[in-house]
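Peer 1: sequence first, predicted model second:
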Amino acid sequence: MTIQRSFFDDINTVSEVDLSGLNEAQYEAVTTVDGPVLVIAGAGSGKTRTLVYRVAHLLEQGVPPESVLLLTFTRKAAQEMLWRAGQLINDNCSRVTGGTFHGVANTFLRRYGSYMGWESGFTIIDRADAEGIINLLKSSLGFAKGNKKFPNKRTIINMISGSINKAIDLEDLVYEQYSHLSEFVDDILTLSRHYENFKFDNGLMDYDDLLVNWKVLLEKSPEVRQLMSDRFQYIMVDEYQDTNHIQAEIVRLLGAEHGNVMVVGDDSQSIYSFRGADFYNIMRFPKVFNNTKIVKLEENYRSTQPILSLTNDIIENASEKYSKTLFTAIEGKALPKVYGGRDEQDEASFILKNIQQHLQDGIEPAHIAVLFRSAFHSYKLELLLGSEGLEFEKRGGMKLTEAAHMKDVLSFLRLLVNSRDNLSWNRVLLLLDRIGPKTAQKITAELVSQADPFVALQDYAAPKASQAVIAGLAELFQKLREAEEKPALLCDIVLEYYQPLFEKLYNDDYPKRQKDLEQLKSIMAGYETLQDFIDDTTLDPPDPVAKGGEAAEKIVLSTIHSAKGLEFDVVFVMGLAEGRFPHGSAEFGEQWEEERRLLYVAATRAKRFLYLTYPRQMMTADRQFRRVGMSPYLAELKNMNYERIDSANVFSRGHGSYYATGKDAGDTTIKSRPAALKRKKAGKIKTSDLSVGTRVKHPFFGEGSVKNMSGGPSVDVLFDRHGIKTLHLDYARLEII
DNA sequence: GCGTATCGCGTTTTT
DNA sequence: CGCGATACGC
């Protein structure tokens, strides 16, 4: 057996786990075998290492591998961890179980779905499909199209699924977040009700449905709960700050019998609240599990002291955090550098030059990363890197399976697994000549109402214009159903049919997209069943084809969210300008704080060199240049913690009409805050300000009186005109009258 | 009423 | 680059 990771060199067998390399806190966490443990860990403190060593230690104590369950946030982290664990234990041992919450929920529901009375199974849809549903519903329910004020689809999705996670009444959430869009709020509510029905009627489930159903099953069926907790005697959860209420409930239910639960998290790295994550889960953990042992990991094993000082400075300004003081023994003198480029082009050039320098100094491309808030912020840099022949791998943004042409092909395949999949029927029909949205919807509705949609398609009395293409489609499905059920083979048949449509549809750029289709084929070749393929690619979409050679050898361009948990020798955080970071629509308060943590996550990825850059001018939509200041988070930092680069020193040649004055007037202070920032929650009401009977006023529901107080942050209010509503005081803009 | 072609504008973050 | 609006033709 070859051991590839140096820190496992000393551990070959389960009977000999050498824990001498661990620090005191890690040792304590690793060797606490029984009972609940909460590990509060700083960035770069060796969380994964601690978890893996604990697995090793458990096995050493004679715990069978199959009774250990590892839950992590990303599938890649899960795979990495299992692989490492696999290195620790003998190859002959059966493996430890692990994966993402969603992945495990999927496996679990497919096995025990019968307890829920499901006969025909389900298909998982991703967020792109979910957007498709919103589209369909919007048009079929006749909502005004093109109204600019209507929140975008992604936001609606986040609201609809987020409402389940936050366990807050959807209505309140919508009214709170979109109070400025009063005339559309009812539309959104109508939409959300149809959305739920639409999914369940057609055997479609999204990420959140998987979790909700897992939780419900554990709650409702003592038999299943017993099965699970007998099997998994030891539960471990990584990135606990990213769990939502449902996930925390699942952990509670799984661990209720034995209490052998260990969770690891860093509240300063909580960046997923838009999706329902709540780092208060960490604070609550000791209350949920009695006798919780709390261990803090404060030593940083990643970054040099100057970088650590800067990142500590970033988070120091946070309004709320578990106090941790990170320290490191790693030597290094390079101060983080801050650079304000003249414009986006100049910012990109700065990054390019420095990347080239580091490459020259012998740093591997894969150990260099450029991070940004939104996927499109790197466009300029991508072009520049391309023109210089530097290869890169982009993470975040659109996924391979979200591209239009990929969804086309997947729709055919999805139908083979779930013939009631409304969305896929619609998509497939839309590809055909002479069939538009209206016709497609009509046919779809007819097909899914029949016992066998494929037979119904063959028998469908199509209008003259589309008779031929419908017959062609029916023929394709007949061929597919008769074919041997090998995913790669099915893919071939679909692609053969799709090719002419494809070339016509994406006439201008189909050769570029063709590469994706070929990649799809090779991915599918690795699967035994179509169901597995669809589940896998939906839960963990493959990355788009990297530009050039092997992925491992390239510079990484990534959204900060997608860089979570990773580390690089050199990190550039770009686009740190007013309006870009924090994101323009982030409101002062909770959202503002989350953006700050996001910057913290970005900066803490750096091991040796850290650069923070921003453009001082950006192009607006109408091709006007607008001067922008630096991100307020940068402005807050102490000067001693970074070195300011004067642009004139960096570019001595090759930039033509470049005027570097070195002066940054207006950069160091925030001159004009957008209106939204000033709207700091004026006098937020606390539970203690209210009692039963207090008269209150709400911007939407109007006046009412407090009816019931649970003791938590929620109160029930009986409104004069809207009846009883449960309001969350952190969100509701209530006034006492 | 429906399908197709074309143009211009704006882009959060994701398991 | 994708999406919505708009115009035109069947």
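Peer 2: Looks like it arrived, so ask away.
Peer 1: hmm, the helix or strand hosting A:Asn197 touching DNA strand C?
Peer 2: A:Asn197 is part of helix A:182-201 when elements are defined by DSSP states H and E. No: using C-beta under 7 Å from any atom of the strand, we find that helix A:182-201 stays clear of DNA strand C, coming within 13.2 Å at best. All C-beta spots, glycine's among them, are computed from the backbone N, C-alpha and C.
Peer 1: buried set for that helix?
Peer 2: A:Phe184, A:Val185, A:Asp187, A:Ile188, A:Leu191, A:Ser192, A:His194, A:Tyr195, A:Phe198, A:Lys199 (16 or more other C-beta atoms under 10 Å).
Peer 1: okay, the most far-flung residue of chain A relative to its centre: pLDDT?
Peer 2: Each residue of chain A has a distance to the centre, and by C-alpha atoms, centre = their mean the biggest one is for A:Lys464: 46.4 Å. At A:Lys464, the pLDDT value in this model is 74.
Peer 1: swap in A:Ala375?
Peer 2: At A:Ala375, pLDDT is 89.
Peer 1: try the one 10 residues further on
Peer 2: Each residue has a pLDDT score; the one for A:Leu385 is 86.
Peer 1: other residues contacting the helix or strand hosting it?
Peer 2: Following DSSP H and E, one finds A:Leu385 within helix A:379-387. Applying C-beta atoms under 8 Å, 6 or more residues apart in numbering, the set of residues contacting helix A:379-387 from outside is A:344-345, A:347-349, A:351-352, A:355, A:370, A:391-392, A:394, A:547, A:555, A:557, A:574.
Peer 1: now do the very next helix or strand once past it: which elements does it pack against?
Peer 2: Using DSSP H and E, the helix or strand that directly follows helix A:379-387 along the chain is strand A:392-395. In this structure, strand A:392-395 packs against helix A:379-387, strand A:555-559, with contacts taken as 3 or more C-beta pairs under 8 Å, 6 or more residues apart in numbering; DSSP states H and E.
Peer 1: tell me where the stretch 1-150 of chain A has strands.
Peer 2: A:37-41, A:68-72, A:97-100, A:123-124 (DSSP state E, counting those that start in this stretch).
Peer 1: please apply the same query to the stretch 501-650 of chain A.
Peer 2: Under DSSP E, counting those that start in this stretch, the stretch 501-650 of chain A gives strands at A:555-559, A:568-573, A:606-615, A:617-619, A:625-627, A:643-645.
Peer 1: contacts only, for A:Asn317.
Peer 2: A:Arg596, A:Tyr633, A:Glu636.
Peer 1: of those, select the buried ones using a PyMOL command.
Peer 2: Entered in PyMOL, the line below selects the buried ones among the contacts of A:Asn317, by 16+ other C-beta under 10 Å:
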select buried, chain A and resi 596+633
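Peer 1: which of the helices and strands in chain A ranks last by mean pLDDT?
Peer 2: helix A:675-678 (a mean of 30; mean pLDDT, DSSP states H and E).
Peer 1: my guess is A:Met205 contacts A:Trp118, does it?
Peer 2: No: between A:Met205 and A:Trp118 there is no contact under C-beta atoms under 8 Å: 10.2 Å.
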